[in-house]
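Student: okay, sequence plus prediction incoming.
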Amino acid sequence: MDFKIPYGREGINFSLPDEKIAGVLTSKASEYQPELEQQALVNRALASPAGSKKLSQLAKNKDEVVVICSDHTRPVPSKFIIPPLLTEIRKGNPEASIKLLIATGFHRASSREELEEKFGQEIVENEEIVMHKSSEESNMVDCGTLPSGGRLRLNRTAVEADLLIAEGFIEPHFFAGFSGGRKSVLPGVASKETVLANHCGEFIAHEKARTGIIEGNPMHKDMLYAADKVGLAFILNVAINEEKEIINAFAGDFKEAHEKGCRFVAELAGARAWPADIVITTNGGHPLDQNIYQAVKGMTAAEATCKPGGVIIIAAECSDGHGGESFYKTFREASSIQQIREDIRGRDRKETVPDQWESQILARILDKFEVIMITESPQAMVENMHMTKARSMEEALDLADKKLDKRDSSITVIPDGVGVIVQR
């Protein structure tokens, strides 16, 4: 059987003997035939928002309008989303001052080149773009206390807006259940202190903080509270396929429209687990596989279907390296995976450190499986993170067989590890 899986901008081709393949887990999004073209889907959603007045009506008499936008690590097709959003706002108030607030969360700032790739040169040159910086405490405003007990501090630009809007996309998320909606606010434009409180070890370990689950998810509860508290008035979220093309769009009230989108994505993304000795996965290619930090998401899909003691092979280009200094340092300086897990388990909610959540999930995976990375990251970096580097799928499969000490290993393939909800 021949495969082409996402990797950077190009992808990787390989073949496997039919008798070794236990299963192939894919989202039905790749087969879904949208009713309209991409722009038409966005326009239709804006014309018939869920649980809300039209954006043009909401924008009347609103002088300071802020649109929270995803950053460079998310494949949100903003070129289709932002222009009609701006048109709708200006239809309601031609004189409105509009800011595009980039929701970097805990990531680095986006470069101008990355912004132009995301929005197009015209938007970057003609609209006011503000970069959120979670550690810039002077630009944060106290907004009360989260249900979890953490302090809620949010970006001043968002808090002081007369009308707050968010764009985004909805995909399965490995601890928030789904991306999009309320996640634009927390962690998107939250302070470092607030992100750390929400991403604590207790919540990451919670049985409901898993892919495809929002009901009973403590992280989701905090995120909803933050979005409601800051007055997120309207969202425009899209669902995309493996080609990063829009296949549906959802606009309106941040709760109602997001829930509608989550139901749509969940119906397409569900895939039955096929346990195997080796599971091949990806992080969906560019821009999602820019670093090792992001690639942990794709590993969690493999975690849900790999046999105990098995091997996970993840293809992730990681042209941006590890993606988090604290994340990398945790593994580089640890004597063992068990030490990392014990250190995190010993911290309470107020003692969360930067990138702890990603470390916690990767350590959980490495405690059960060997992980081989097909990546451009330096070998020393990969090994410092207690994983093995391979330069090709052939090399990775050979290494996996050696680690398992067998040549007849069963293999499950997950072409897009961030696009499926593995159902056990």
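Tutor: Yes, it's here.

Student: for the strand or helix carrying Val65, packing partners?
Tutor: Secondary structure from DSSP states H and E places Val65 in strand 64-70. Helices and strands touching strand 64-70, by 3 or more C-beta pairs under 8 Å, 6 or more residues apart in numbering; DSSP states H and E, are helix 78-92, strand 97-103, helix 156-159, strand 163-169. Backbone N, C-alpha and C define where each C-beta goes, glycine included.

Student: would you mind putting the CA coordinates of it into PDB?
Tutor: Only the C-alpha atoms of strand 64-70 are listed here, as PDB (Å, rounded to 0.1, in the frame of the first residue of the first chain):
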ATOM      1  CA  GLU A  64     -12.900  50.300  19.100                       C
ATOM      2  CA  VAL A  65     -13.200  46.900  17.400                       C
ATOM      3  CA  VAL A  66     -10.700  44.100  18.000                       C
ATOM      4  CA  VAL A  67     -10.400  40.900  16.000                       C
ATOM      5  CA  ILE A  68      -8.400  38.200  17.800                       C
ATOM      6  CA  CYS A  69      -6.500  36.200  15.100                       C
ATOM      7  CA  SER A  70      -4.600  33.000  15.300                       C
END
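
Student: could you check the angle helix 78-92 makes with that strand?
Tutor: 170 degrees (axes from the mean of the first three to the mean of the last three C-alpha atoms, to 10 degrees).

Student: of all the helices and strands packed on strand 64-70, which lies closest to Phe327?
Tutor: Comparison of the helices and strands packed on strand 64-70 against Phe327 by C-beta to C-beta identifies strand 97-103 as nearest, at 19.5 Å.

Student: model confidence over the closest one, on average?
Tutor: Throughout strand 97-103, pLDDT has a mean value of 98.

Student: packing partners for it?
Tutor: strand 64-70, helix 78-92, strand 128-131, helix 156-159.

Student: mind listing residues that contact that strand?
Tutor: 63-71, 82, 86, 89-90, 109-110, 115, 119, 123, 127-132, 155, 157-158, 161, 166, 184-185, 188-189 (C-beta atoms under 8 Å, 6 or more residues apart in numbering).

Student: strands paired with that strand, and their directions?
Tutor: Using DSSP bridges, the strands paired with strand 97-103 are strand 64-70 (parallel), strand 128-131 (parallel).

Student: in JSON lines: those strands, plus distance to Val413 and mean neighbour count.
Tutor: Formatted as JSON lines, the strands paired with strand 97-103 follow (distance: least, C-beta to C-beta, whole Å; neighbours: other C-beta atoms under 10 Å):
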{"stretch": "strand 64-70", "distance to Val413": "28", "mean neighbour count": "25"}
{"stretch": "strand 128-131", "distance to Val413": "38", "mean neighbour count": "15"}
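
Student: will you turn these into TSV that also has mean pLDDT?
Tutor: TSV is the format used below for these (pLDDT from 0 to 100):
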stretch	mean pLDDT
strand 64-70	97
strand 128-131	97
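
Student: go through those strands and name the closest to Gly270.
Tutor: Of all the strands paired with strand 97-103, strand 64-70 comes closest under C-beta to C-beta, at 24.3 Å.

Student: show me how far that closest one is from its chain's centre.
Tutor: In this view, strand 64-70 has its centroid 19 Å away from the chain centroid, taken as C-alpha atoms, centre = their mean, to the nearest Å.

Student: tell me the mean pLDDT over stretch 288-298?
Tutor: pLDDT averaged over stretch 288-298 gives 95.

Student: give the buried residues for that stretch.
Tutor: For stretch 288-298, the neighbour count (16 or more other C-beta atoms under 10 Å) marks 288-298 as buried.
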